[in-house]
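Engineer: I would like the atomic coordinates for the input below:
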Amino acid sequence: VRYQENTEAMESWFTELDATLTSTLNTVLSEVMARDLVYDKYKPNPGVVDVKRLLQYSTSLRGAMSSRMSLEFDPPNFPRLFVDPHLLHCIYRNAVSNAFKYGSPDGQVRTIFHYDLKTSKLKLEVINDPGPAHADLVRLDPHAVAADVFGAGTRLHTGDAQGYAYLSSGDGGWIMSKVAQSLGGSVDIVFEEARTVLTLECPVHTALGHKRSAQGLLDESILEDWSVPANVWGIAVDDSSMQRLLLTELLEMAGIHPSRMVVTGGTMQECTEFAVRTEALIRAHPEDEFLVIVDENLDVICENGVDRVTISGSMEVAKLLSNLRDPGRGRRRGRAADPPGSLESRVLTLVRSANDSVDDVALYNERAHGFLPKTPLRRENIIEVLAPLWLPRFDRAE
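Structural biologist: The predicted structure is shown next:
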């Protein structure tokens with residue numbers, strides 16, 4: 001009995017830790033994204049999203065306010081969507097925050113996600129009970145209301161539900177409108193007699209619909225049982241021991257056998273010699289292919305055991321690819337010259353990172369073959385994440 005109680009307590013602790021870390025990561029990424037949105041530099045980075053899970057650990061759902069809100073999905077078996085999760089999280093968090101801020105102090109906030117499978121349209125509604133001066137807002141011209149709520153540096157309310165004045169810039173609604181535009185949709189707000197309704201509408205494919213259309217390769221029949229081929233090696237480097245465990249799990253979920261995994265990064269030498277060691281492994285196995293995942297910021301302790309340095313993982317990938325592209329490098333090592341592109345054609349390199357701007361991601365894509373956001377990955381969607389990166393590059397269904 002005591003063992004069972006301890007196990008349940010540990011599971012509860014890990015669930016809470018997962019919730020906290022996920023919430024913190026989503027908040028940080030949303031702030032970075034908002035900065036790029038303001039300067040029209042943000043480019044959506046869509047992926048397969050379990051919307052229920054994404055919002056389950058949102059900061060808006062935690063704490064004392066959780067008893068005053070509800071989250072509903074229509075249909076109940078809500079499909080996974082192919083959408084930028086940070087855009088979706090940002091507009092949801094801002095809408096719910098404003099509903100609590102300006103709605104009734106004791107009222108309810110109801111959030112409904114609708115998805116129409118026929119039209120591939122997503123509709124988000126955030127509904128709150130009337131707050132102070134709501135009657136005045138009802139009498140306003142609806143077009144003027146939208147301009148004031150979603151314009152830059154403007155707001156209708158002069159205080160929150162408790163009457164306290166705000167000194168912020170009033171750009172929350174403007175950022176929500178920028179998010180809606182990035183999603184290819186629109187956002188609106190209506191002050192009805194008995195409630196306020198904020199609505200986002202935008203076109204979004206389901207994960208399945210995206211798989212069927214992406215570059216003509218991701219046919220559903222291909223992905224049902226897809227995994228990386230049996231002759232693939234998984235190479236990964238990260239300075240964090242926890243992240244190395246997660247990367248090992250990621251490679252296992254992709255279908256790579258443990259005997260073909262090399263996950264390093266625990267020492268400065270492992271990080272600085274990554275390019276050379278990986279090149280040697282690629283040359284030693286001419287019939288095999290390689291999935292290489294590298295953390296961008298490798299924070300390691302120097303050999304003196306005191307000083308710390310940060311090594312750019314994407315720069316190490318750039319060194320690796322430069323070596324693989326050099327046709328004379330094999331000859332200088334006593335081998336025949338490599339046919340142009342022969343070594344690199346067997347490799348997919350991905351830079352994995354979090355809290356990155358659009359310029360950062362563009363840089364990673366220049367130095368490597370692709371970018372892999374450092375977000376929680378689940379067994380049920382790892383293939384849907386890797387397949388769009390793998391199949392177009394190798395141009396075949398394995």
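Engineer: Stretch 230-238: which residues count as buried?
Structural biologist: For stretch 230-238, the neighbour count (16 or more other C-beta atoms under 10 Å) marks 232, 233, 234, 235, 236, 237, 238 as buried. In short, each C-beta sits where N, CA and C put it, glycine included.
Engineer: remind me which residues of the stretch 101-250 of the chain are low pLDDT?
Structural biologist: Residues of the stretch 101-250 of the chain meeting the criterion pLDDT under 70: 153-171, 208-226.
Engineer: how about the strands of the stretch 101-250 of the chain, start to end?
Structural biologist: Here the stretch 101-250 of the chain has its strands, by DSSP state E, counting those that start in this stretch, at 109-116, 121-128, 186-191, 196-203, 205-206, 232-237.
Engineer: circling back: can you tell me which of the buried residues of stretch 230-238 is closest to residue 271?
Structural biologist: residue 237 (6.4 Å; C-beta to C-beta).
Engineer: measure the closest one to residue 244 for me?
Structural biologist: Distance from residue 237 to residue 244, counting by C-beta to C-beta, to the nearest Å: 8 Å.
Engineer: Spell out which residues are contacts of both of these two.
Structural biologist: Shared contacts of residue 237 and residue 244 (C-beta atoms under 8 Å, 6 or more residues apart in numbering): 263, 264, 265.
Engineer: Residue 205: how many residues sit nearby?
Structural biologist: 18 (other C-beta atoms under 10 Å).
Engineer: From residue 299, how far out is it?
Structural biologist: 38 Å.
Engineer: Repeat that for residue 366.
Structural biologist: Counting by C-beta to C-beta, the gap from residue 366 to residue 299 is 23 Å.
Engineer: ok, those two, which is more surrounded?
Structural biologist: Neighbours per residue (other C-beta under 10 Å) separate residue 366 from residue 299, with residue 299 holding more: 13 against 9.
Engineer: So for the more buried one, what's the pLDDT?
Structural biologist: Residue 299 carries a pLDDT value of 91.
Engineer: helix, strand or coil for it?
Structural biologist: Using DSSP: H, G, I helix; E, B strand; the rest coil, the structure places residue 299 in strand.
Engineer: Which residues are in contact with it?
Structural biologist: 239, 308, 309, 310.
Engineer: so residue 102 makes contact with residue 131?
Structural biologist: Yes. Contact criterion C-beta atoms under 8 Å: residue 102 and residue 131 qualify, at 5.0 Å.
Engineer: Hmm, residue 348 and residue 393 touching each other?
Structural biologist: Yes. Contact criterion C-beta under 8 Å: residue 393 and residue 348 qualify, at 5.4 Å.
Engineer: of these two, who's got more company?
Structural biologist: residue 348 (20 against 14).
Engineer: Is the more buried one bridged to anything, and to what?
Structural biologist: Bridge pairing for residue 348 (DSSP bridges) gives the partners residue 291.
Engineer: Could you check the pLDDT of it?
Structural biologist: On the pLDDT scale, residue 348 is placed at 95.
Engineer: Residue 58 now?
Structural biologist: For residue 58, the pLDDT comes out at 56.
Engineer: cool, and residue 65?
Structural biologist: So residue 65 comes in at 67 (pLDDT).
Engineer: And the buried ones among the contacts of residue 299, selectable in ChimeraX?
Structural biologist: This is how ChimeraX selects the buried members of the contacts of residue 299, with burial counted by 16+ other C-beta under 10 Å:
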select :239
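Engineer: correct me, but residue 270 touches residue 264?
Structural biologist: Yes. Assessed by C-beta under 8 Å, residue 270 is found in contact with residue 264 at 4.2 Å.
Engineer: From the neighbour counts alone, determine which of these two ranks first.
Structural biologist: Per other C-beta under 10 Å, whichever of residue 270 and residue 264 has more neighbours is residue 264, with 19 against 16.
Engineer: Count the residues that sit near residue 136.
Structural biologist: 10.
Engineer: swap that for residue 322, please
Structural biologist: So residue 322, with other C-beta under 10 Å, has 14 neighbours.
Engineer: Can you report phi and psi for it?
Structural biologist: In terms of degrees, to the nearest 10, the main-chain angles of residue 322 are phi -60, psi -40.
Engineer: pLDDT score assigned to it?
Structural biologist: Per the predicted model, pLDDT is 93 at residue 322.
Engineer: and if you look at the one 3 residues further on?
Structural biologist: pLDDT recorded at residue 325 is 88.
Engineer: any idea how far it lies from residue 347?
Structural biologist: From residue 325 to residue 347 the distance is 11 Å (C-beta to C-beta).
Engineer: Ok, residue 145 next?
Structural biologist: Between residue 145 and residue 347 the computed distance is 55 Å (C-beta to C-beta).
Engineer: Show me which of these two is the more surrounded one.
Structural biologist: residue 347 (22 against 17).
Engineer: That one: what's it in contact with?
Structural biologist: 282, 289, 290, 292, 321, 324, 369.
Engineer: Got a quick ChimeraX command for the buried subset of those residues?
Structural biologist: Those of those that count as buried under 16+ other C-beta under 10 Å are selected in ChimeraX with:
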select :282,289,290,292,321,324,369
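Engineer: Tell me which two of the contacts of residue 347 sit farthest apart.
Structural biologist: The widest separation within these (C-beta to C-beta) is 14.9 Å, between 289 and 321.
Engineer: Residue 122 and residue 375, how far apart?
Structural biologist: 20 Å.
Engineer: meant to ask about residue 347, not that
Structural biologist: Counting by C-beta to C-beta - residue 347 and residue 375 are separated by 24 Å.
Engineer: got it, and residue 287?
Structural biologist: Applying C-beta to C-beta to residue 287 and residue 375 gives a distance of 33 Å.
Engineer: ok, residues contacting stretch 260-280?
Structural biologist: 232-241, 244, 247-248, 251-252, 281, 290, 292, 294-295, 298, 300-303, 309, 311, 316-317, 319-320, 323-324.
Engineer: Provide a list of residues in contact with residue 82.
Structural biologist: Residue 82 neighbours (C-beta under 8 Å, 6+ apart): 46, 47, 48, 49, 204, 205, 206, 207, 209, 210.
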